[in-house]
Structures are given as structure tokens and as C-alpha cells.
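**Q** Quick one, what's the 3D model for this:
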Amino acid sequence: MYKAMVWGASLRSLLLSLRVIAFEQPKIAMMAVWTGPALLAVLVALMYSVQVALVTAALMGAVLLFLLQWAQANCYRLVRVGDRIEFADVTISEEEHVQQFSSGVVLKRMTRADAMRTAFFDAQLMENERWFFLVRSPKKMTMITLAWVINIELDEG
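**A** Sure thing, here's the model as predicted:
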């Protein structure tokens, strides 16, 4: 029983680490995942003929381009409710030109429509963003955009 708990904790830590890596470098993570199936498909096609292998490699490259865009667009899914994240704190005045970072716990993931209904709504903030997070930090509760999230912290509170 004890060994199963240790293996479960190790597996959970490994999956969290992989999620952090995928959040910080989504394109590299997708390339690493896609390389195995793509090489296998090209090798199988190479057994048939060189021309089929070249067509298969081109097809796998085209699919990879689609998957890279998909990975970047769906990066928000890697930040979950309850995660401790580090984010850029842009609430300071612009005259100071000091970049600060804060840490907090994600309370809720929100779309633009959800964010517009909150008291944290800022029209300038909403301009080009699609995904927002309600975050509780030690100082205050704030709404941040996905672009402000620096990383997901490994410690679980």
C-alpha cells in the first residue's frame, strides 16, 4: 500500500512538471510529442517506397504546423483552478517603470464575457485578450489575462 502511494505521488508530480513545461514552451512540447508518431509513419511509408515516404513526411509536417497553432491557442487550458501561478503585476503606476511579479492562487477561469460582468472590468485590458483568471494573492484579489501569467508554480500551496 505504501509503495502504491509513493508511485501515485511520483506520477502526480511528473504530470504536474510536464504541464508546467507544456505551459512555458507549448510549441516545443508539441514537437516532442509529435516526433514519435511522425517518424513511425515515415518509416512505415519508407518500407513501401521513397516517394510515399516523402509525401508522408510532407503531410506530417503540415499536420505539425496545425498542431503548433492549436497548442499555442489552447495554452490557457493548462492553468487550472487551484493552481498557484506567478504573474506580472501591472497595477503599479506607469511613471515608476518597475516591473513587479506576484504569486497567487487561481480561483476561476473566465472568458471575455464573464470578465465584463465582474467589478474588475477594464476596457483597455479587454481589448485583445480572450482568457482571464480571477486570482487571489496575499495582497488582494485581482483579474489577470493569460498573457500576464509567467508560470505555474510547482509547489501546491
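**Q** Contact partners for Val105?
**A** Shown in contact with Val105 (Cβ atoms under 8 Å, 6 or more residues apart in numbering): Gly82, Asp83, Arg84, Ile85, Val135, Arg136, Ser137, Gly157. The way it works is simple: take the backbone N, C-alpha and C, and place the C-beta from them, glycine included.
**Q** between those, which is nearest Ala45?
**A** Asp83 (41.2 Å; Cβ to Cβ).
**Q** Quick check, that closest one in contact with Gly104.
**A** No. With contacts counted by Cβ atoms under 8 Å, Asp83 stays clear of Gly104, the gap being 9.7 Å.
**Q** Report the secondary structure state of the nearest residue to Ala147 once chain neighbours are set aside.
**A** Distances taken as Cβ to Cβ, 6 or more residues apart in numbering place Glu129 nearest to Ala147, at 6.6 Å, with adjacent residues excluded. Secondary structure assignment for Glu129 (DSSP: H, G, I helix; E, B strand; the rest coil): coil.
**Q** and Glu129, how many residues sit next to it?
**A** 14 (other Cβ atoms under 10 Å).
**Q** Mind listing residues that contact stretch 68-80?
**A** Taking contacts as Cβ under 8 Å, 6+ apart, the residues outside stretch 68-80 that touch it are 19, 22-23, 26-27, 29-31, 85, 106, 109, 130-131, 133, 146, 149, 152.
**Q** Where do the strands of the protein begin and end?
**A** When secondary structure is read from DSSP state E, the chain shows strands at 84-89, 100-111, 131-136, 141-145, 149-152.
**Q** Mind listing the strands the last one pairs with, and their directions?
**A** Just to be clear, that refers to strand 149-152. Paired strands of strand 149-152, with direction, are strand 84-89 (antiparallel) (DSSP bridges).
**Q** centre of the chain versus the partner strand, how much separation?
**A** Chain-centre distance of strand 84-89: 13 Å, with Cα atoms, centre = their mean, to the nearest Å.
**Q** buried sites along that strand?
**A** For strand 84-89, the neighbour count (16 or more other Cβ atoms under 10 Å) marks Arg84, Ile85, Phe87, Asp89 as buried.
**Q** Please enumerate the helices of this structure.
**A** Secondary structure of the chain (DSSP state H): helices located at 2-24, 26-48, 50-73, 112-116, 123-126.
**Q** Please identify which of the contacts of Val105 is nearest to Val55.
**A** Asp83 (42.5 Å).
**Q** Backbone torsions only: list them for that closest one.
**A** Asp83 adopts backbone torsions of phi -70, psi 140, taken as degrees, to the nearest 10.
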